[in-house]
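[1] okay, predicted coordinates and the sequence, questions at the end:
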Amino acid sequence: MVKSKFFNSKILLFGEYTVTLGSDALAVPFDHFKGYWNFSANATESNANLQQLYNYLQKESKLSGLFDMKNLANDIEDGLFFESSIPTGYGLGSSGALVAALYDKYATDKILDSNSLKSIFAQIENCFHGSSSGIDPLVSYLNAPILIRNKSEINSVQCEVKKKWFFYDRFRYFKENSTFCPYFQQ
């Protein structure tokens, strides 16, 4: 089987917490972690999560009308899963990449307007988070840096990042080595 298109993770370079208060933020795609569609009878957990997403889309009639639900159902039955190296729970956009991949493969009429896409992506990603901004899937789908201003103004920007990135798992470090904060040792 030929691998499908890749959907990158994202990094929020600035504005991680203050963006909800209206400050600017810059989110960029990060190709070190990515995901793509694949098929396997053994990927039962991922396939079950896709079935849950399918059920969510079926309940949300505004959303189900945007997708080829029959092909999605057939592919899920045939063992569709989202193979991903994006760590979950780190804010790198694992569910956003899945939402972007879903839209790319199964949307019947693709929308080009970034604000409309963001709104659709937020509604879909609500399945995972309860409340989503839609920024993560937008960055993954467009595979371009996004500048967010005043919570709602979204612009795709040109910025070439030529730096080497590395990540330090500070949460694991604090959990394993924290003597000053017992909360992290729970």
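    Great, that's in hand.
[2] tally of neighbours for the spatially closest residue to Y141 that is not a sequence neighbour?
    Excluding the flanking residues, the one nearest Y141 by Cβ to Cβ, 6 or more residues apart in numbering is A100, at 3.8 Å. Where you see a C-beta, it was placed from the backbone N, CA and C, and this is true even at glycine. Here the number of neighbours of A100 (other Cβ atoms under 10 Å) works out to 28.
[3] next up, the contacts around A100.
    A100 sits next to F7, F121, P137, L138, S140, Y141 when contact means Cβ atoms under 8 Å, 6 or more residues apart in numbering.
[4] most surrounded residue in these?
    Ranking those using other Cβ under 10 Å puts S140 first, with 32 neighbours.
[5] residues touching that residue, list them.
    For S140, the contacting residues are F7, N8, S9, K10, P29, G93, G96, A97, V99, A100, A101, by Cβ under 8 Å, 6+ apart.
[6] go with 6 Å
    F7, N8, G93, G96, A97, A100 (Cβ atoms under 6 Å, 6 or more residues apart in numbering).
[7] sorry, back to before: helix, strand or coil: sort out the residue nearest to Y141 for me.
    helix (DSSP: H, G, I helix; E, B strand; the rest coil).
[8] which of the contacts of A100 lies closest to K62?
    Distance to K62 across these (Cβ to Cβ) is lowest for F121, with 13.3 Å.
[9] distance of S95 relative to C127?
    Between S95 and C127 the computed distance is 8 Å (Cβ to Cβ, to the nearest Å).
[10] check G79 too.
    Between G79 and C127 the computed distance is 21 Å (Cβ to Cβ).
[11] same check on N150?
    Relative to C127, N150 is positioned 27 Å away (Cβ to Cβ).
[12] the more surrounded of these two?
    Each of N150 and C127 has its neighbours counted (other Cβ under 10 Å); C127 has more, 21 against 9.
[13] residues making contact with the host helix or strand of I154?
    Per DSSP states H and E, I154 falls inside strand 153-156. For strand 153-156, contacts defined as Cβ under 6 Å, 6+ apart pick out S114, N115, A144, I146, L147, I148.
[14] one more pass at 8 Å, please.
    Residues outside strand 153-156 that contact it (Cβ under 8 Å, 6+ apart): S114, N115, K118, I135, L138, L142, A144, P145, I146, L147, I148, R149.
[15] now stretch 103-112
    If you take Cβ under 8 Å, 6+ apart as the criterion, stretch 103-112 is touched by 4-5, 7, 37, 66-69, 71-72, 117, 120-121, 124, 137, 141.
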